[in-house]
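>>> Sharing a model prediction with you, sequence too.
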Amino acid sequence: MTKVILADRSPRFGGRQNCVVRVESDDGEVVGDDTPWAPWSPNEVASRLSGSPARWYVVAGWAVDLFLGRQTRAHHDIEIGVARDDFPVLRSSFIEFDFDVVGSGRRWPLSSSAFDEHFQTWLRDADTGEYYLDVFRDPHEGQEWICRRDTRIRLPYDEVVRVTGTGIPYMSPEIVLLFKAKHLREKDQLDFNELLPLLNERQIEWLRSSLELVHPDHPWTTIIRQ
């Protein structure tokens, strides 16, 4: 059984006067296919994080759509990345919500040591149980983003993050494709087919070299070389 310990918390978190202290995690709770999601739109996320100093950016499928300038399909959820050390700052913008740590098909309270073992953090309405946002806590060193799949891959944040005309930050498409290459689902292949002709020479070369590090002999590498 996971225990929750409360302690005085820094004023920078705002709101409640306590913070959680990491304690040893148990096996967590299974996250079923019926987990309720009512995902926010990118505009809603940006509005709620307006003025936050946290380094955050939309990732995954919604990042593809923001780059393309149109919504290509329905999205079951919405994911954003944030520099791992900035998560407490980002969290302070959502003091009326709870966060759960999620990984390997299970979830734990934010106080669990699973926080240090898994990178995903789901934002939940404590009253309804609905989830609105999935936050990826990305590794970094100062102003340098580090790929969680292979720490040899590093980029300055100004090459990782793009911004839409309406001010929504999102992950650059070649980096999104690197993460999509792992599972190679139908939607990932469709995104690759849509994005590749739109990437410039530098982006294509970065994707090729990164794929060779993370996923040697990946079929996309062969296509890129043609």
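Okay, I see it.
>>> Show me where this structure dips below the pLDDT cut-off.
Low-confidence segments of the chain (pLDDT under 70): 1-25.
>>> Please enumerate the strands of the protein.
5-8, 18-21, 29-30, 56-58, 79-83, 98-103, 106-109, 120-124, 131-138, 140-141, 144-146, 154-156, 161-163, 169-171 (DSSP state E).
>>> Arrange these in TSV, one row each, with distance to Ala46 as further columns.
For the C-beta atoms, the positions are set from N, CA and C on the backbone; glycine is no exception. Formatted as TSV, the strands of the chain follow (distance: least, Cβ to Cβ, whole Å):
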stretch	distance to Ala46
strand 5-8	32
strand 18-21	27
strand 29-30	31
strand 56-58	8
strand 79-83	10
strand 98-103	19
strand 106-109	26
strand 120-124	15
strand 131-138	12
strand 140-141	21
strand 144-146	20
strand 154-156	22
strand 161-163	10
strand 169-171	8
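>>> so can I have CSV of the ones you listed showing distance to His183 and mean neighbour count?
Listed next are these as CSV, based on distance: least, Cβ to Cβ, whole Å; neighbours: other Cβ atoms under 10 Å:
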stretch, distance to His183, mean neighbour count
strand 5-8, 37, 10
strand 18-21, 32, 14
strand 29-30, 21, 12
strand 56-58, 19, 25
strand 79-83, 14, 25
strand 98-103, 15, 20
strand 106-109, 19, 20
strand 120-124, 15, 20
strand 131-138, 15, 22
strand 140-141, 24, 16
strand 144-146, 21, 19
strand 154-156, 22, 14
strand 161-163, 23, 16
strand 169-171, 17, 25
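>>> so which of the ones you listed comes closest to Arg208?
Set against Arg208 and scored by Cβ to Cβ, those come closest in strand 154-156, at 15.1 Å.
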